[in-house]
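Asker: sequence plus the predicted model coming up.
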Amino acid sequence: MKLRITLLTAATLTAFSFAAHAAEKGTIMIMVNSLDNPYYASEAKGASEKAQALGYKTTVLSHGEDVKKQNELIDTAIGKKVAGHYSR
């Protein structure tokens with residue numbers, strides 16, 4: 001499972017790294033279902049560590065399977081003009 005998380009995280013963040021060459025690195029917003037769930041907490045931690053290693057700041061948030069809250073968080077990410085967001 002850790003290999004799957006690592007590969008998924010690496011693939012997602014590789015896309016962000018291409019954009020980094022064209023613009024100054026900013027913040028990546030990482031949204032997961034629940035930080036109380038070890039799977040999602042591990043996924044968020046891995047994504048955050050990789051993003052920081054690539055020079056990004058990160059914000060990790062939980063939407064708790066609430067679609068309305070997830071949409072609000074995405075709107076917030078757009079409003080803050082984050083460099084990217086990872087949602088699970």
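Answerer: Received it, and whenever you're ready, just let me know what you need.

Asker: which pLDDT does the model give the nearest residue to Ala83 once chain neighbours are set aside?
Answerer: Spatial nearest neighbour of Ala83, chain neighbours left out: Gly26 (3.9 Å); criterion: C-beta to C-beta, 6 or more residues apart in numbering. Bear in mind the C-beta positions are built from the backbone N, C-alpha and C, glycine included. The model reports Gly26 with a pLDDT of 89.

Asker: please apply the same query to the one 3 residues further on.
Answerer: The predicted structure scores Met29 at 91 on the pLDDT scale.

Asker: now do the contacts for it.
Answerer: Neighbouring residues of Met29 by C-beta atoms under 8 Å, 6 or more residues apart in numbering: 58-59, 61, 73, 76-77, 80, 82, 84-86.

Asker: give me the next element, helix or strand, following the helix or strand bottoming out on mean pLDDT in the chain.
Answerer: Least confident helix or strand, the chain: helix 2-22 with a mean of 58, by mean pLDDT, DSSP states H and E. Once the chain leaves helix 2-22, the next helix or strand it forms, by DSSP states H and E, is strand 27-32.

Asker: since that was my last question, I'll sign off now.
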